[in-house]
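Engineer: predicted structure and sequence below. I'll ask about it afterward.
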Amino acid sequence: MWQSTSFNRKHTLAGFNSFFESHAIHAMVINVAITLYFFLLDFSLNIFLIASLWTLFITIVIDIMYHRYYAHKSFQFKSETLRKTLSILTIAGGYGSYITWAAIHRCHHRFSDTDKDPHGPNNHKLKDHILLNFTIPPNVYKYATDLLRDPFNKFIHKNYWLIYLPGLFVLCLMNLQFAFIMFAFPTTVNLINSYLSTYTLHKKLPGNYRNYNSKDHSYNNRYINILTFGLNGLHNNHHIDPSNYNFGKSKLEFDLSSYFIKPLMDKND
Ligand SMILES: [Zn+2]
């Protein structure tokens, strides 16, 4: 879901963020290569089932932490230990810092479907979508100053790739199937999940529908919702009410994360 306008990307590639981009691209290439190797040359049903369960768990944790908690603050945790533990677990998803994600996502909500939107109309070509997963719009961190005040968040933000890449390297040296389970499959699935939802849910496509006449071009799609484990298909519902942790508005609109958020929440929230 990391995107920027074409103008911003040129600026970004020449600046500070090339550090982020090169690491994100390296991680993506290594993880996709390990995933392809597993499926084409080293397949085992047991390993695949274990990797699928772990990936589902990590994908739910990422959705809860990056989107519902850090980007929108749609609930409060009942304990700091829980928040920090789940924040550390998100590293396995290879998504980069949750501060970066939250900042870009807040910018997306603020300027939805305008030229200032990192997911905006300038970036609706497939090529742009692929490249934009690895770019950061300039000055975007002004949307996450509240998150960066927390020393724990700041540490994860500064050291994300310094933890992720050596971790991946060590796992590969230990056992390639273990690397596939722990990092490569979750990262590959989250990459596909991100592309699928950002590419399809802000334009009129077969199967897309709107419950609310929001000012932006956000849509829901039940098929995307199933394909993304009930995490990302209810985009129009979310855009009309971004501070609500539950995106489902009817019994047919399934929101998996909302079931897991309830037991994590502070009861006073
Ligand atoms: Zn959102």
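Structural biologist: Yes, it's here. Residues are numbered from 1 along each chain as shown.

Engineer: after the lowest-mean-pLDDT helix or strand in the chain comes which helix or strand?
Structural biologist: Taking mean pLDDT, DSSP states H and E as the measure, helix 6-14 is the helix or strand of the chain with the lowest mean score, a mean of 36. Note on helix 6-14: by DSSP states H and E, the next helix or strand toward the C-terminus is helix 18-41.

Engineer: which element follows that following helix toward the C-terminus?
Structural biologist: Next element after helix 18-41 (DSSP H and E): helix 45-62.

Engineer: next one: that next one to chain centre, how far?
Structural biologist: Its chain's C-alpha centre and that of helix 45-62 lie 16 Å apart, by Cα atoms, centre = their mean, to the nearest Å.

Engineer: show me what counts as buried in whichever helix or strand comes after that helix.
Structural biologist: Sequence-wise, the next helix or strand downstream of helix 45-62 (DSSP H and E) is helix 80-89. Across helix 80-89, burial judged by 16 or more other Cβ atoms under 10 Å covers 83, 86, 87. Using the backbone N, CA and C atoms, a C-beta is placed for each residue, glycine as well.

Engineer: residues in contact with helix 80-89?
Structural biologist: 58, 61, 64, 65, 69, 77, 98, 152, 153, 156, 264 (Cβ atoms under 8 Å, 6 or more residues apart in numbering).

Engineer: what sits against the second one?
Structural biologist: Put plainly, it is residue 61. 86, 89, 90, 93.

Engineer: what's the spacing between it and residue 33?
Structural biologist: 24 Å (Cβ to Cβ, to the nearest Å).

Engineer: so what's residue 152 closest to, chain neighbours aside?
Structural biologist: Using Cβ to Cβ, 6 or more residues apart in numbering and skipping the chain neighbours, the partner closest in space to residue 152 is residue 84 (5.9 Å).

Engineer: quick one: pLDDT of the one you found?
Structural biologist: Model confidence at residue 84, given as pLDDT, is 97.

Engineer: now residue 225
Structural biologist: Confidence score, pLDDT, at residue 225: 90.

Engineer: which residues does it contact?
Structural biologist: Contacts of residue 225 by Cβ under 8 Å, 6+ apart are 231, 232, 233, 234, 253, 254.

Engineer: with residue 217 instead?
Structural biologist: 112, 113, 202, 203, 204.

Engineer: buried among those residues? Need that as a selection in ChimeraX.
Structural biologist: To isolate the buried members of the contacts of residue 217 in ChimeraX, using 16+ other Cβ under 10 Å:
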select :112,113,202
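
Engineer: let's have the contacts of residue 217 in JSON lines, adding secondary structure and pLDDT.
Structural biologist: JSON lines is the format used below for those (DSSP: H, G, I helix; E, B strand; the rest coil; pLDDT from 0 to 100):
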{"residue": "112", "secondary structure": "coil", "pLDDT": "89"}
{"residue": "113", "secondary structure": "coil", "pLDDT": "84"}
{"residue": "202", "secondary structure": "coil", "pLDDT": "83"}
{"residue": "203", "secondary structure": "coil", "pLDDT": "83"}
{"residue": "204", "secondary structure": "coil", "pLDDT": "85"}
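
Engineer: what's the pLDDT at the residue of the chain most remote from its centre?
Structural biologist: For the chain, the largest distance from the centre (Cα atoms, centre = their mean) belongs to residue 41, which lies 28.8 Å off. Per-residue confidence at residue 41 stands at 96 (pLDDT).

Engineer: still on that earlier bit, out of the contacts of residue 225, which sit inside strands?
Structural biologist: Using DSSP state E, no member of the contacts of residue 225 falls in strands.

Engineer: out of the residues you listed, who's the most crowded?
Structural biologist: residue 233 (29 neighbours; other Cβ atoms under 10 Å).
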